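Colleague: Please work out how this folds:
(4 chains)
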2 protein chains.
Amino acid sequence: MPWDTEATRRRLLDAAVEEFAEHGPAGARVDRVARSAGINKERIYQYFGDKEGLFRAVLERELQRLAAAVPLTAEQAGDLGDYAGRLFDHHTDHPHFLRLLHWEGLASGGEAVAEAKRAALQHDKVAAVADAQRRGLVTAAIGAGQLLYGVMALVDWWFVAPHVVRMTVGAEGMDRATQRAAVVELARRMSAP
Amino acid sequence: MPWDTEATRRRLLDAAVEEFAEHGPAGARVDRVARSAGINKERIYQYFGDKEGLFRAVLERELQRLAAAVPLTAEQAGDLGDYAGRLFDHHTDHPHFLRLLHWEGLASGGEAVAEAKRAALQHDKVAAVADAQRRGLVTAAIGAGQLLYGVMALVDWWFVAPHVVRMTVGAEGMDRATQRAAVVELARRMSAP
DNA sequence: GCAAACTCCAACCATGCAGTTGGAAAATCG
DNA sequence: CGATTTTCCAACTGCATGGTTGGAGTTTGC
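Modeller: The predicted structure follows:
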């Protein structure tokens, strides 16, 4: 039977996403990742260097997926409510990502994973919003960066602070459809010209 | 020299706030808390039971401080932009709290610290917003709970995902005054009738 | 077909860390 | 003052965990 190193890698990453999303960089256990992937622990160190390297690899893969799944072109920037909805949907389908992102934000003090690349990507989105502002589709009362910030904040918080949400809107307000509608509406109102 | 157990307790809590805010429940080191407080580690276990107990004590104290510092009465709920600004100011002055809150959200799966008490407090705020809606000061197009959610999300994200913010608005957009103005404006637009 | 290079694993190691213990100094109570 | 209780601490323990090693099986290049 031939080696399938790519599959080994992927299985490790799949297990690692779960583990890191659940427990964060500090709480994650390398042994658990290996066991859950059915691969020997030593492979992790061979492929990814150390625990932090594994975390970076995991996060980069998820970042790539998000960027591919939820674009924001100049056309699309005209309706930020729609963008908020699409973002919300992606996070609903891939609940790991936002947790990873916020573990990263809380844990890492210095430079972010793939900072330059991500900054460039964000910059493009801000430019798209600025374009929509110029065309009068979106309010120009606030900076484009700040508007984009607002949309991200509105979408993300459900996933990042679910316990506060629960205490605020109650169990009945935790329904995904209701949340989605609220986010879209809030984003629209925020960005209306 | 007489004992001052209250001071011991307080010094431990002060050191623990720093430690937990910086490293989170999993990354925090009990030894470090004790050393930084200049108190023996064993005291922590005597006073707070275990590491988790210490975390709970820390969080409860900060929650109390926030509740006292940034109220939301029915009168005040008429201007959610103002509330957002006050909230922003408190978090700027006490940067530990939001980090603790989000470590809690990410780490703990089950019940939140002092859940019942906090839920009641949030409920009061939601009621205040609902009242403002009835008086026509705030939009009724969205539920009161969802509106409050929006304000919290807008305010908190600066502190919780600073790395993403940095990549989005650039170093020049990280200025506190600019951020505050943006939050207030966004909250106003969101909640305008 | 054989040697070098690569994949994989079980067992091992060192250390960092949450939690404990035994006892000394200080306060309290009679 | 003496007995008892409480505060405090240095030193210890046991274990979980990140990271390593030596070697056996597998593929590839010549």
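
Colleague: Give me the contact list for the lengthiest helix in chain A.
Modeller: Longest helix in chain A, counting residues (DSSP state H): helix A:5-27. Contact with helix A:5-27 is made by A:28-29, A:32-34, A:36-39, A:43-44, A:47-48, A:51-52, A:54-55, A:57-59, A:61-62, A:95-97, A:99-100, A:103-104, A:106-107, B:23-24, B:26-27, B:106-107, as judged by C-beta atoms under 8 Å, 6 or more residues apart in numbering or on different chains. The C-beta positions use only the backbone N, C-alpha and C, and glycine is treated the same way.

Colleague: Buried only: go through the residues you listed for me.
Modeller: Burial by neighbour count, 16 or more other C-beta atoms under 10 Å in any protein chain shown: within these this picks out A:28, A:32-34, A:36-37, A:39, A:43-44, A:47-48, A:51, A:54-55, A:57-59, A:61-62, A:96-97, A:99-100, A:103-104, A:106-107, B:23-24, B:26-27, B:106-107.

Colleague: Quick one: residues in contact with stretch A:136-153.
Modeller: Contact partners of stretch A:136-153, identified using C-beta under 8 Å, 6+ apart, comprise A:77-80, A:83-84, A:87, A:122, A:125-127, A:129-130, A:132-134, A:187, A:190-193, B:153-154, B:156-158, B:161, B:164-165, B:168-170, B:173, B:178, B:182, B:185-186, B:189.

Colleague: circling back to that earlier point, quick check: which of the buried ones among the contacts of helix A:5-27 are also close to DNA strand C?
Modeller: Checked against DNA strand C using C-beta under 7 Å from any atom of the strand, the buried ones among the contacts of helix A:5-27 give the following subset in range: A:39, A:43.

Colleague: Please point out which parts of stretch A:161-177 sit buried.
Modeller: Residues of stretch A:161-177 classed as buried: A:161, A:163, A:164, A:165, A:166, A:167, A:168, A:169, A:173 (neighbour count, 16+ other C-beta under 10 Å).

Colleague: re earlier: after the longest helix of chain A, next one along is what?
Modeller: Scanning forward in sequence from helix A:5-27 by DSSP states H and E, the next helix or strand is helix A:30-37.

Colleague: quick one: is that following helix near chain B?
Modeller: No - for helix A:30-37 and chain B, the contact criterion (C-beta under 8 Å from any C-beta of the partner chain) is not met; the two come no nearer than 13.5 Å.

Colleague: Work out the gap between that helix and the centre of the chain.
Modeller: Centroid separation for helix A:30-37 versus its chain: 23 Å, with C-alpha atoms, centre = their mean, to the nearest Å.

Colleague: Okay, and which of the contacts of stretch A:136-153 map to strands?
Modeller: Counting by DSSP state E, no part of the contacts of stretch A:136-153 is found in strands.

Colleague: Buried residues, the longest helix of chain A. List them.
Modeller: Neighbour-count burial for helix A:5-27, with 16+ other C-beta under 10 Å as criterion, is recorded at A:8-9, A:11-13, A:15-27.

Colleague: near DNA strand D at all, it?
Modeller: No - shown here: helix A:5-27 not in contact with DNA strand D (C-beta under 7 Å from any atom of the strand), separated by at least 8.1 Å.

Colleague: Would you mind giving the domain segments of chain A?
Modeller: Split into domains by automatic domain parsing, chain A comes to A:1-61, A:70-193.

Colleague: would a markdown table of those with mean pLDDT be doable?
Modeller: Below are those laid out as a markdown table (pLDDT from 0 to 100):
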| stretch | mean pLDDT |
| --- | --- |
| domain A:1-61 | 89 |
| domain A:70-193 | 95 |
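
Colleague: Dump those domains to CSV, plus distance to residue B:67.
Modeller: Written out in CSV, the entries for these read as follows (distance: least, C-beta to C-beta, whole Å):
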stretch, distance to residue B:67
domain A:1-61, 27
domain A:70-193, 13
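
Colleague: Please export the C-alpha coordinates of stretch A:128-139 as CSV.
Modeller: What follows is stretch A:128-139 as a C-alpha-only set of coordinates in CSV (Å, rounded to 0.1, in the frame of the first residue of the first chain):
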residue,chain,number,x,y,z
ALA,A,128,-14.9,48.0,-2.4
VAL,A,129,-17.0,49.7,0.3
ALA,A,130,-15.4,53.0,-0.4
ASP,A,131,-16.4,52.5,-4.0
ALA,A,132,-20.0,51.9,-3.0
GLN,A,133,-19.9,55.0,-0.9
ARG,A,134,-18.7,57.0,-3.9
ARG,A,135,-21.6,55.7,-5.9
GLY,A,136,-24.0,56.7,-3.2
LEU,A,137,-25.2,53.2,-2.4
VAL,A,138,-23.8,53.3,1.1
THR,A,139,-23.6,56.1,3.7
